[in-house]
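what shape does this take:
(one chain, ligands or ions: 1)
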Amino acid sequence: MSFNQLAFRLKRLYLEASFYLYVEETKVAKKLIPDYLDKLQVYQAGKPIEEVAREKGLTHISKLASNENPLGPSPFAIREMTSALWDIHRYPDMHATDLKNKLCELYKVKPANIILGNGSEGIMAYIARAFIQPGDEVLTADKTFIGFHILATSAGAKLVTCPRTEDMKYDVKALAKAVNENTKVLYIANPDNPTGSYITEKEFDYLMQFVPKHTIVILDEAYFEFAQSTWDYPDSMKYRYDNVITLRTFSKAYGLSGIRVGYGFAHENFITALHKVKLPFEPNLIAQKGAIGALTDYPHLERTIRNNTKRYYETLKFLDHRNFKPLRSTTNFICFYTGSEEASDFLFNKLLDRGVIIRPLKANKLPDWVRVSIGLKEEMKHFFEAMDEVLPEYNQKFRPDQ
Ligand SMILES: Cc1ncc(COP(=O)(O)O)c(C=O)c1O
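So this is what the prediction gives:
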């Protein structure tokens, strides 16, 4: 055998050996992943504007996929964040004293009743870390906010979900029946994402009669600011059950999704336990300052709600007239019916071609529905025009009888 042939054989042997080693390593890595994590799907966010611009070569894009504030952040928040940039060589105040004081002033609570985190989802992650152990029973409604499903499942919880009512609301009676001594956590998104529905004050009171004192109730009020003026919406701050934690966020009405800051109110003992698992410097300095600025700018919040209310009714009417059976919503988004996964995909892709990003809901187990966030007047006009362009082909394909 020549030297070259020998070298070739040796190289081949080496490559084969490293391949088998790699396969073995992959198998070992797989074994290290718990089964419940292995089966879990990674969270899918709304398609980013930059991605659509790149993929479609478009410049006029309306992102109506992630329930963000179309007015942007408050200038007060920007001012606070900009001046904080000079201090980013320092760690932030780990107690976030100024932000907590501001929240105390607004909500008449004590700092010991407040937890802050990287978005309200960050706080949900602390709850999962502090309280949920593999096998624990977690109860919620079917097809509700997917972020919570992912967190509970990733902690190894046994997720129990109740079907919804025919009009897609939380079935409070079914939840009351399902809750039991073994329920560790009951999760209620109020208002709910992606349906936009809410449970009323009366329904909440009814449900709480069945909830054991040792069950943690998460009231996720990410869209509180949009719902609060609805007459029978329960403001959970008026109820102070020791086992209820209220979660709110700066990501929606306050327009600060990008800096990740959320807050929660609960009994002191509860908050103390959460602080034990919380990373010390969350939220970061910029987030703390931005949130303070946002809370100071009440007119910006008012403008946000005013725009949302106007555009919401226009959008509802538009979708109603075109027979999409939009669900009534107390939030900054509307969920509407397409009839099939194929129709949802068609609509999503055709709107995307026209620069309008909406949200398909297959991941939420609602493949025959899509969701559109409420944007500015111009953005909704873009959506309406794109829809009307697509509609003849859509109707021909999916609603030939109309
Ligand atoms: C119901 C609900 N809860 C929580 C969140 C997460 O918000 P945050 O940005 O505060 O983590 C969202 C975001 O879409 C949501 O819809």
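
tell me which other helices or strands the one helix or strand residue 302 maps to touches.
Assigned by DSSP states H and E, residue 302 falls within helix 298-321. Using 3 or more Cβ pairs under 8 Å, 6 or more residues apart in numbering; DSSP states H and E, the elements in contact with helix 298-321 are helix 224-227, strand 333-337, helix 377-398. C-beta coordinates here come from the backbone N, C-alpha and C atoms, glycine included.

mind doing that once more with 10 Å?
When contacts are defined as 3 or more Cβ pairs under 10 Å, 6 or more residues apart in numbering; DSSP states H and E, helix 298-321 sits against helix 75-84, helix 224-227, helix 285-296, strand 333-337, strand 369-373, helix 377-398.

please identify the most buried of those.
strand 369-373 (a mean of 26; mean count of other Cβ atoms under 10 Å).

interface residues of the stretch 101-250 of the chain facing the ligand?
Within the stretch 101-250 of the chain, the positions lying close to the ligand (Cβ under 6 Å from any ligand atom) are 119-121, 145, 147, 189, 193, 220, 222, 249.

if we use 5 Å, what do you get?
Counting by Cβ under 5 Å from any ligand atom, the stretch 101-250 of the chain comes close to the ligand at 119-121, 145, 189, 193, 220, 222, 249.

residues near the residue lying closest to residue 113 once chain neighbours are set aside, how many?
Nearest residue to residue 113, sequence neighbours excluded (Cβ to Cβ, 6 or more residues apart in numbering): residue 265, at 5.5 Å. Residues contacting residue 265 under the criterion other Cβ atoms under 10 Å number 23.

ok, residue 265 to residue 198 distance?
Using Cβ to Cβ, to the nearest Å, residue 265 is found at 19 Å from residue 198.

now do residue 90
42 Å.

also residue 1?
Residue 1 is 79 Å from residue 198, by Cβ to Cβ.

do the same with residue 278
Distance of residue 278 to residue 198, given as Cβ to Cβ: 29 Å.

how about the protein: which residue is closest to the ligand?
Here the residue of the chain nearest the ligand is residue 119; by Cβ to the nearest ligand atom that distance is 2.6 Å.

dump the residue contacts of that residue.
125, 147, 222, 247, 249-251, 256-257, 259-263, 282-283, 287 (Cβ atoms under 10 Å, 6 or more residues apart in numbering).

change it to 6 Å
Contacts for residue 119 (Cβ atoms under 6 Å, 6 or more residues apart in numbering) come out as 251, 260, 262.

now, those that are in strands?
residue 262 (DSSP state E).

now the phi/psi pair for the residue lying closest to residue 128 once chain neighbours are set aside, please.
Spatial nearest neighbour of residue 128, excluding adjacent residues (Cβ to Cβ, 6+ apart): residue 155 at 4.2 Å. As for residue 155, its main-chain torsions (degrees, to the nearest 10) stand at phi -90, psi 0.

and residue 155, what pLDDT?
You'll see residue 155 listed with a pLDDT of 92.
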